[in-house]
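[1] Test case, fold it:
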Amino acid sequence: MMHLLLLFIINYSLDNNLKKGIRKYDKGKYDKAISILLKNKSENKNFDYYFYLGHSYSFDDRNDLSIIYYDSAININKRNDKVFFERGFSNFIIGNNNKALEDLDKAIKLNPNNAKYYINRGSIKYDLGLVDSACKDWKKAINIEGDVLNNSLILMNCN
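    Modelled structure (predicted):
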């Protein structure tokens with residue numbers, strides 16, 4: 001009976017810290033979200049814990065740390081397109097363009113109807129000098145969501 005009560009208290013604390021951390025994240029208080037989430041010493045950490053901690057680090061411009069937590073989230077759920085997109089963005093910010101492309105490819109494979117994924121992958125390809133491939137991604141984004149990109153941007157950069 002005592003063991004069951006202790007287990008309940010530990011799980012309540014984990015859920016409570018996670019909820020508090022997400023509330024701070026939702027309010028844009030990423031440093032506070034990080035400190036609350038890091039207070040969780042339990043081994044029972046879930047996808048949301050790692051994702052929100054990684055995303056908070058990303059918003060706090062500590063992308064090298066965000067990638068570590070995105071990796072943990074991916075180890076828990078390899079079918080979440082959003083975490084691949086976010087890890088790809090963090091990899092791009094720190095200059096790991098090839099890893100960023102790999103992550104965006106996975107995000108697109110999991111969710112081929114998200115125009116934002118094509119826009120970002122196209123931008124990375126463009127930076128790498130892969131102009132034709134970038135233009136295809138941008139055009140695909142427009143096909144998915146017509147007003148997602150300024151057509152003059154494509155006309156300027158794509159022949």
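
[2] Tell me both backbone torsions, phi and psi, for the spatially most central residue of the chain.
    Nearest residue to the geometric centre of the chain (Cα atoms, centre = their mean): Glu86, 2.1 Å. The phi/psi pair for Glu86 (degrees, to the nearest 10) reads phi -70, psi -40.

[3] pLDDT at it, what is it?
    Looking at Glu86, its pLDDT is 98.

[4] try the one 5 residues further on
    Looking at Asn91, its pLDDT is 98.

[5] what's the answer for the one 4 residues further on, then?
    In this prediction, Gly95 carries a pLDDT score of 95.

[6] same check, this time on Lys109
    98.

[7] lowest confidence element among the helices and strands of this protein?
    Using mean pLDDT, DSSP states H and E, the weakest-scoring helix or strand in the chain turns out to be helix 2-26, at a mean of 64.

[8] Just the CA atoms of whichever helix or strand comes after it, as PDB, please.
    Next along the chain after helix 2-26, taking DSSP states H and E as the criterion, comes helix 30-38. This file holds the C-alpha atoms of helix 30-38, laid out as PDB (Å, rounded to 0.1, in the frame of the first residue of the first chain):
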ATOM      1  CA  TYR A  30      11.400  29.400 -21.900                       C
ATOM      2  CA  ASP A  31      14.000  29.800 -19.200                       C
ATOM      3  CA  LYS A  32      11.400  29.100 -16.600                       C
ATOM      4  CA  ALA A  33      10.000  26.200 -18.600                       C
ATOM      5  CA  ILE A  34      13.500  24.700 -18.700                       C
ATOM      6  CA  SER A  35      14.100  25.100 -15.000                       C
ATOM      7  CA  ILE A  36      10.800  23.500 -14.100                       C
ATOM      8  CA  LEU A  37      11.100  20.600 -16.500                       C
ATOM      9  CA  LEU A  38      14.700  19.900 -15.300                       C
END
